[in-house]
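# Okay, structure incoming, though there's no sequence with it:
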């Protein structure tokens, strides 16, 4: 059998699938087809606004392809012929494959609002031209309204402030920002920080229409209130890009993504899917879950890369490990929230410890670090964790993710081994994970 | 049965054992006997020199005892009567116990050097009076020689520089500093950083004698070389404090510590031991191991606290998770080094990835972050890991420690789930742990 691999899509999942394929199959011919001359790092997009300052600084370097002997083809695939095992592109070329990888990503969810076609209304497309237009408009903006108070929306709002935009407002439908990813007390901390950074938060409010003549002038809420706006960013989520797969007759779920088995195979055994376009299952409930993160996508991509010509790896259901920061407050969340567990009718045991992230607590640079752990009451299994503090949060939430993934119980975590150091972690006496688990385990 | 608990020792292990005992046994009477009016945080001691500036800033707060309803007794235990279940103290009081916890710690290892009794020669005792004398002498010192290039020695040397001491020299017997905790390439990076910070490193050199009339003037090496010194710090390790246990007739191993079973019980079923005074076993070789870390000690203490009146928890052998930093370079090590694995005749597979610790790599504040993973070749089990980079290293090495402790294999780690964020972690495409594992797994 030949070893021709074609990957469609050059985001994190597609790129990683190609690299992994190269590692597992050194002799394969690997082509990656993407529409963009230059591909953006998706999670870096908000940071282009204030921190990075330009789109050119937020690219996946094309050298990864040459280094890994991957042929990069800039083109758009228009159709897949499963029987002939070929893909056709907009430039009328036909490219054959033995194994095809769909990493077609996602596109912004467009809410049913009036006035979307007004000038200066933007969604978060991963396209350089579009985003350059957005950045140019932002240069002149004074009153920015962000619709959607999830990760992306808040990151944009914070970056707009960093850029020096005077008046930044976030409109969030739920009672708190970030409420799908974090429990109320963490959301409150984030909101507090955003307010300190002079961002206006309108939570529990629904945007109804975008008003203006040619250009946006106001965002009107359902309650009639009008918010002044000369630029609007819509950040309310994404939907999987499944058109190609659908047209090719693969099994899809329009909302959840391309159907894949436990090995990331689609309904055609020679076609795999990974990343935002692929359907994901919640590790706890077994139900479809909208965790569209580059980290999950690249994990799936590594499974695809391994499985292409030989079944090697099975997928662990998505835990979902988020992290972000606003000013000097970093937060992370892994697994399910307490709220979500309740929706799933799971009795939980929670425990939260706040202590300095260095020790002694008065050491220069020490900040408050809080850890909340969520256990299933019956089994003692760790099912979720949330963290807030400084720069150590990103890897600390990964540590907690590892404990969840490994199905660790509260009593085990209470005596888990860790390392500590005055400049780098909390003290071994108050180390948050161990103490939160110990307290929870003595409450069972 | 009564529930009188007596803990001897007020370091991290003793303090944690008392706190855990309180959580598991809310009705117990808990006394903690320690010699010091004020107890120092051991791992913070080097940082008193430059970063903290005073011993008073490096104390375990006595409020932990009142908060947890633990009676703090400042006294010195002189003997234990196992049969009567009492301890006697230097103030002639006799205190009864139902369960006794030995957390007597360790004391500095004194090398067989001439001139140890000269003025301005110091070891790292955990005693305020002694260390105050040391700090006072350090205020006037210009030529400091540190004997011992392990964690403690290097931390002292770096802090002496932070304090502004002109001439700081480290003498290390082995060919590299930190060689027992890290592999050569990481040691080299640390040495490079220390040299940048203007610290003189004499590796592969043995100190023979300390010369001077009343006060130290030189440290003489075995090769005859004389190093100018007006203050010497000996930081070559510690030995477990087992005198009390020995006198009481408990089984001890003078070098390795008080013998304990898998539940941290000593040879007397009513006496437990934890922390530096207790014998530890290497998770990989099953042999005694000299990992005397507060983090290991507090983990043992939590096991002791749980097991006092009901057998609840078994000890996992010590993995040993170290971290520290010198200037802006932080390093961490978990499990065994490649060197140590070779000494144990274990065939290994290693892989190392260096990439920015934020993404894109040009984002402000991004630093190089390297991860080396060490797998057992036959089984693919992760047996060690080392990390170097910035502030995320402390929790990243804990994440790696969790993977080792959970007996994860190279193929599992390659598709392990993690979270990533531009400001907090490497990019999901290059995430070091996943990539190092993937590369290693395709090399088997």
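Yep, that arrived. Just so it is clear, the model here is predicted, and its values are computed rather than measured.
# contact partners of the helix or strand containing residue A:171?
According to DSSP states H and E, residue A:171 maps onto strand A:167-172. The contact list for strand A:167-172 (CB atoms under 8 Å, 6 or more residues apart in numbering or on different chains) reads A:142-150, A:153-154, A:157, A:160-161, A:177, A:194, A:198-207, A:219, A:221, A:227-229. Glycine gets a C-beta too; all of them are placed from N, C-alpha and C.
# Return the list of strands paired to that strand, each annotated with direction.
strand A:143-147 (parallel), strand A:199-203 (parallel) (DSSP bridges).
# Buried deepest among those, which one?
Among the strands paired with strand A:167-172, strand A:143-147 has the highest mean neighbour count (mean count of other CB atoms under 10 Å in any protein chain shown), at a mean of 26.
# Past it, which element shows up next along the chain?
Next in sequence after strand A:143-147, counting helices and strands by DSSP H and E, comes helix A:151-163.
# And that following helix, what does it pack against?
Contact partners of helix A:151-163 among helices and strands, from 3 or more CB pairs under 8 Å, 6 or more residues apart in numbering or on different chains; DSSP states H and E: helix A:45-47, strand A:143-147, strand A:167-172, helix A:184-196, strand A:199-203, strand A:321-326.
# Put together JSON lines for these, with mean pLDDT on each row.
Below are those laid out as JSON lines (pLDDT from 0 to 100):
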{"stretch": "helix A:45-47", "mean pLDDT": "97"}
{"stretch": "strand A:143-147", "mean pLDDT": "98"}
{"stretch": "strand A:167-172", "mean pLDDT": "98"}
{"stretch": "helix A:184-196", "mean pLDDT": "97"}
{"stretch": "strand A:199-203", "mean pLDDT": "98"}
{"stretch": "strand A:321-326", "mean pLDDT": "96"}
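# So for residue A:342, which of the ones you listed sits nearest?
Nearest to residue A:342 among these is helix A:184-196 (11.8 Å), distances taken as CB to CB.
# buried residues in the closest one?
Judged by neighbour count using 16 or more other CB atoms under 10 Å in any protein chain shown, the buried positions of helix A:184-196 are A:186, A:187, A:189, A:190, A:191, A:193, A:194.
# which ones are touching the residue nearest to residue A:34 when sequence neighbours are not counted?
Using CB to CB, 6 or more residues apart in numbering or on different chains and skipping the chain neighbours, the partner closest in space to residue A:34 is residue A:10 (3.0 Å). Residues counted as contacts of residue A:10 (CB under 8 Å, 6+ apart) are A:32, A:33, A:34, A:35, A:36, A:39, A:60, A:72, A:103.
# Check those and tell me the two furthest apart.
By the measure CB to CB, A:33 and A:60 form the most distant pair in the contacts of residue A:10, at 14.7 Å.
# From the opening residue of stretch A:261-273 to its closing one, how far?
For stretch A:261-273, the first-to-last residue distance is 10 Å (CA to CA, to the nearest Å).
# quick one: is it near chain B?
No. Using CB under 8 Å from any CB of the partner chain, stretch A:261-273 never reaches chain B; the gap is at least 10.1 Å.
# what does the stretch 151-300 of chain A put close to chain B?
Contact residues (CB under 8 Å from any CB) of the stretch 151-300 of chain A with chain B: A:293, A:294, A:295, A:296, A:297, A:298, A:299.
# Can you list which of these are found in helices?
Among those, the residues falling in helices (DSSP state H) are A:294, A:295, A:296, A:297, A:298, A:299.
# The residues you listed into CSV, with extra columns for neighbour count, pLDDT and distance to residue B:254?
Shown next, in CSV, are these (neighbours: other CB atoms under 10 Å in any protein chain shown; pLDDT from 0 to 100; distance: CB to CB, whole Å):
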residue, neighbour count, pLDDT, distance to residue B:254
A:294, 27, 95, 54
A:295, 28, 95, 50
A:296, 27, 96, 53
A:297, 32, 97, 56
A:298, 32, 97, 52
A:299, 28, 96, 49
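# Out of those, the closest to residue A:378 would be?
The closest of those to residue A:378 turns out to be residue A:296 (CB to CB; 27.4 Å).
# Contact partners for the closest one?
By CB under 8 Å, 6+ apart, the contact list for residue A:296 reads A:280, A:318, A:320, B:417.
# now the residues you listed as JSON lines including neighbour count and pLDDT?
Conversion of the contacts of residue A:296 to JSON lines gives the following (neighbours: other CB atoms under 10 Å in any protein chain shown; pLDDT from 0 to 100):
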{"residue": "A:280", "neighbour count": "25", "pLDDT": "96"}
{"residue": "A:318", "neighbour count": "21", "pLDDT": "88"}
{"residue": "A:320", "neighbour count": "26", "pLDDT": "93"}
{"residue": "B:417", "neighbour count": "25", "pLDDT": "92"}
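# pLDDT (mean, whole number) over stretch A:253-260?
The average pLDDT for stretch A:253-260 rounds to 96.
# wait, stretch A:356-367
Mean pLDDT, computed over stretch A:356-367, is 95.
# who's residue A:89 bridged to?
Listed by DSSP bridges, the beta-bridge partners for residue A:89 are residue A:77.
# For chain A, which residue occupies the most central location?
Nearest to the mean C-alpha position of chain A, by CA atoms, centre = their mean, lies residue A:293 at 2.8 Å.
# which residues in the stretch 301-444 of chain A form helices?
Taking DSSP state H, counting those that start in this stretch as the test, the helices found in the stretch 301-444 of chain A are A:338-343, A:393-405, A:410-414, A:432-441.
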